[in-house]
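Visitor: Kindly generate the corresponding structure for this input.
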Amino acid sequence: MKNTVFILIDSCHPVLYMRYQHQLKIIHQNLLKKLSSYEVIILGDSHSQITEKRFDSLKFLYAYLSDTVKGKDLIILDAYAALISLDDTKKVLEYSNTHIYDVCLTENLPEGFVPMIISKDFIGDFHNYIEEDKKVSSSLKDAVDWEFQGIDVGVYLSPSLLVMERVDFLPVNKGAIEWILEDKDTDLNLDNIDEYLKENPEILRHCPQYVAIELHPQTDGFNTRALPEGELSIDTFRKFVTDIDEFAPEALISLGIWGDPFCHSQFKDLFSLLEKLPNRVLVESRALFLSEELCSLVFSRPNTELIFDISFTTEEDFKKYKKSNYTLQEIRTFIHKIPNKEQLWIRLTRTHETEYHIKSFLKEWQDLMPRVIINKADSFGKESVKVVDLAPLQRHSCYALRRELTILNDGSVLLCRQSKDVIGNLNKKSLKELWAINEVSFLAQEQKQFDSCSICKTCDDWWIWN
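Guide: So this is what the prediction gives:
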């Protein structure tokens with residue numbers, strides 16, 4: 001790859017950098033060693049990384065490129081993409097130059113594995129298309145005004161199904177950081193990556209990334225399973241917070257599964273325990289208990305969002321199925337008074353009963369678009385609530401077993417959200433130990449043993465990504 005310059009974009013999240021500063025420096029240094037024979041420029045706020053050519057704004061970078069770097073193609077990638085495939089990068093660059101594209105993207109390949117290309121003939125003009133107020137992005141896609149006419153964009157398409165594996169080639173969480181460090185000397189490319197993942201399936205499952213915990217058993221008519229009696233104890237939730245911080249510090253935490261978390265008599269005390277965690281938190285209410293005070297509390301925490309499951313547009317059906325103490329109109333009025341709309345989501349759970357409400361539901365809540373969700377109902381491996389099966393034709397291993405944990409209000413942990421099988425209890429085991437128990441079920445799925453349990457055999461939720 002002669003006549004090329006690598007632009008490494010340092011857009012690491014501050015929380016990640018604070019927590020994993022040492023590991024990220026090693027990953028960055030490994031990438032620099034890989035690119036030692038090329039010119040490298042860093043773009044982004046300084047985190048004390050080693051490089052002489054660093055720019056903290058797109059404006060200054062492109063001023064430098066226009067004046068100094070001429071006749072060279074730009075290869076854009078993340079500053080921590082130590083697993084980049086240089087073999088495939090050469091193929092993308094050759095493809096871009098052969099078709100004389102201004103910019104070449106790799107749409108169906110994961111970020112951090114194959115980069116973005118900017119043609120040497122377009123460098124002088126590219127800065128005119130950059131929205132300088134945009135935050136620096138590892139792909140630059142978010143910083144470019146693609147609606148502006150004149151950019152000849154090529155898309156490199158690969159027959160690889162790697163994107164379906166959803167492997168993190170960038171250090172976005174603890175698990176990804178561990179495997180990037182472990183595999184720093186592995187020369188991965190599109191010809192060998194599938195076989196490599198087949199031989200090392202543990203790479204796909206380091207630690208949970210989505211953890212749902214039930215706070216209170218009060219639920220609506222959509223839940224057909226019996227929940228344990230009583231609300232989650234403060235002590236159990238305190239242990240949960242400690243375990244999350246130690247084992248899965250980047251996991252998304254969902255408060256509420258089928259029950260309404262706002263029904264918990266000590267919700268304020270529970271929620272306060274999350275104060276020091278940086279995790280993204282979702283509070284999923286069934287609209288069974290409304291409180292301006294609790295909503296304000298939720299909105300006061302950074303990186304936190306609130307979901308109200310409404311599901312209907314008529315009072316008759318709402319009363320029949322939701323089992324709420326409020327009328328639909330009272331809930332509408334309450335929601336419209338909420339000031340923090342950017343942290344609010346409205347949801348319809350799609351079942352036979354709600355199917356004909358979808359069109360009117362979307363129309364009614366159009367002012368909140370795109371923060372309106374049409375959600376697939378939990379089927380628990382049964383046909384009863386299915387409206388239509390949208391699962392892909394070719395089955396792959398279950399995403400839920402790969403990245404989720406489901407904890408009920410007595411501390412018991414389920415095999416998965418669709419199963420009744422209990423694998424242990426948070427009051428007796430750590431999250432790390434409970435996560436390890438499910439390794440066997442995950443590996444069975446990786447070996448295409450989809451009938452390893454009765455729920456797995458009939459389940460159509462294996463492809464859902466939370």
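Visitor: for the closest residue to E202 other than its chain neighbours, phi and psi?
Guide: Spatial nearest neighbour of E202, excluding adjacent residues (C-beta to C-beta, 6 or more residues apart in numbering): E439 at 7.9 Å. Any C-beta I mention is one placed from the backbone N, CA and C, and that applies to glycine too. In terms of degrees, to the nearest 10, the main-chain angles of E439 are phi -60, psi -40.
Visitor: tally of neighbours for E439?
Guide: Per other C-beta atoms under 10 Å, the neighbour tally for E439 reads 13.
Visitor: thinking it is in contact with H206, fair?
Guide: No - judged on C-beta atoms under 8 Å, E439 makes no contact with H206 at a distance of 11.1 Å.
Visitor: tell me, what's touching the two both at once?
Guide: Taking C-beta atoms under 8 Å, 6 or more residues apart in numbering as the criterion, E439 and H206 do not both touch any residue.
Visitor: Walking through the stretch 201-350 of the chain, point out its strands one by one.
Guide: For the stretch 201-350 of the chain, applying DSSP state E, counting those that start in this stretch gives strands covering 210-213, 252-255, 281-285, 304-309, 344-350.
Visitor: burial count for the residue lying closest to I335 once chain neighbours are set aside?
Guide: Closest residue to I335 apart from its sequence neighbours, by C-beta to C-beta, 6+ apart: F308 at 6.2 Å. Neighbour count for F308, taken as other C-beta under 10 Å: 22.
Visitor: tell me the contacts of F308?
Guide: Going by C-beta under 8 Å, 6+ apart, F308 touches S285, A287, I331, I335, L344, W345, I346, R347.
Visitor: wait, isn't the fourth one in contact with K341?
Guide: No - counting by C-beta under 8 Å, I335 does not reach K341; the two are 9.2 Å apart.
Visitor: Looking at those two, which has the bigger crowd around it?
Guide: When I335 and K341 are compared on other C-beta under 10 Å, the one with more neighbours turns out to be I335, at 19 against 12.
Visitor: for stretch 66-79, how far is the first residue from the last?
Guide: Stretch 66-79 has an end-to-end distance of 22 Å (criterion: C-alpha to C-alpha, to the nearest Å).
Visitor: Can you give me the buried ones in it?
Guide: V69, K72, D73, L74, I75, I76, L77, D78, A79 (16 or more other C-beta atoms under 10 Å).
Visitor: any chance of those residues in a markdown table, plus pLDDT, secondary structure and distance to L170?
Guide: Rendered in a markdown table, the data for the buried residues of stretch 66-79 read as follows (pLDDT from 0 to 100; DSSP: H, G, I helix; E, B strand; the rest coil; distance: C-beta to C-beta, whole Å):
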| residue | pLDDT | secondary structure | distance to L170 |
| --- | --- | --- | --- |
| V69 | 73 | coil | 25 |
| K72 | 85 | coil | 25 |
| D73 | 88 | strand | 22 |
| L74 | 88 | strand | 19 |
| I75 | 91 | strand | 16 |
| I76 | 89 | strand | 14 |
| L77 | 90 | strand | 9 |
| D78 | 90 | strand | 5 |
| A79 | 90 | coil | 10 |
